[in-house]
Every structure is written in structure tokens, then in C-alpha cells.
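Novice: Predicted model and sequence follow; I will ask about them next.
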Amino acid sequence: MPFDFRRFDIYRKVPKDLTQPTYTGAIISICCCLFILFLFLSELTGFITTEVVNELYVDDPDKDSGGKIDVSLNLSLPNLHCELVGLDIQDEMGRHEVGHIDNSMKIPLNNGAGCRFEGQFSINKEVSPQPGVRVPTFA
């Protein structure tokens, strides 16, 4: 006796002579299909859209140590030329460096079509609850 998968069917067929289609049922079915289509398309557009964020906030888990926070970056930007990549460092203690180049390297990717940016720097710890390092900026 072979195994019959039909016994798992939770929507069993009712003979047509025992059911009667109605306009209300048709309207509810069409509304449900339209709602499902709306949900699908809204999730699909949310998945496909790209959000560009050009800020990075660094938080120090050891708030009581004082001094500076060492930061190391390794960013791969496969579709951005190296001449467009830069680094601005800013903290709320007053330090602001535009175009930081010390201890940083730009390595071309994809035959010059992309760039890998590597850099190391230190920032002052902040007194305020919102830390701030802004990287990278694109010229």
C-alpha cells in the first residue's frame, strides 16, 4: 500500500453541488488577492531599495578608561573609484580633520573600477552620549 500524500490536504474539496458561489465571496477573494499583492510589492521594494549611509559612529564599551579610542577601517567599495574616497574625522572634543591621509591606504579593485580603503586612527573619547566619527566622505 503506497503512502498517500492527499491525506495531509487541509483544504479538502467539497463537491460543487454542495457549494454555491456568491458575489460577496468573490469580492472578499478579490480584495484578499489585491491585499496580498500589495504586501508582496511593498516588501519587494523595501528589499530592493538601497539606503546610503555616509556616517559611522564609534562607541567605546569601556567608558571609564579615558584617553583615546583606536579605530581600524577596512572598507571595500567595488563600484567607486579610489580618487573619490576620503576620510573625515570629527569628534565633539573639537578635533576635526578633513581628508585624513595618515595611516590610510587606497587599494584599487576590479581593474580600477572599485576601491578598498584601509585606515587606522585614534579619536578622543567624548563626554556626551552620542559618539561621532564620520567616514567616508565622497568628493
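Specialist: On my side now, so go ahead.

Novice: Please make it C-alpha for all contacts and neighbour counts, starting now.
Specialist: Will do.

Novice: any idea how the chain splits into domains?
Specialist: The record assigns the chain these domain ranges, following the TED database: 5-48, 68-124.

Novice: Could I get the full set of strands for this protein?
Specialist: Applying DSSP state E to the chain gives strands spanning 68-77, 85-86, 89-90, 96-97, 104-109, 114-124, 137-138.

Novice: Give the other helices and strands that the third one contacts.
Specialist: Spelled out, that is strand 89-90. On a contact count with 3 or more C-alpha pairs under 8 Å, 6 or more residues apart in numbering; DSSP states H and E, strand 89-90 meets strand 96-97.

Novice: Show me what counts as buried in stretch 84-91.
Specialist: For stretch 84-91, the neighbour count (16 or more other C-alpha atoms under 10 Å) marks Val85, Gly86, Leu87, Asp88, Ile89, Gln90, Asp91 as buried.

Novice: rank the domains of the chain by pLDDT, which is bottom?
Specialist: Here those differ in mean pLDDT, and the lowest is domain 68-124 at a mean of 79.

Novice: related to what we said a few turns ago, and of the strands of the chain, who's closest to Phe3?
Specialist: Counting by C-alpha to C-alpha, Phe3 lies closest to strand 68-77 out of the strands of the chain; the figure is 53.3 Å.

Novice: Alpha carbons only: can I get that closest one in CSV?
Specialist: What follows is strand 68-77, C-alpha atoms only, in CSV (Å, rounded to 0.1, in the frame of the first residue of the first chain):
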residue,chain,number,x,y,z
LYS,A,68,41.5,57.8,23.0
ILE,A,69,39.8,55.2,21.0
ASP,A,70,41.8,53.3,18.4
VAL,A,71,39.8,52.7,15.2
SER,A,72,40.7,50.5,12.3
LEU,A,73,38.8,50.6,9.0
ASN,A,74,38.8,48.1,6.1
LEU,A,75,36.1,49.1,3.5
SER,A,76,35.6,47.5,0.2
LEU,A,77,33.7,49.7,-2.3
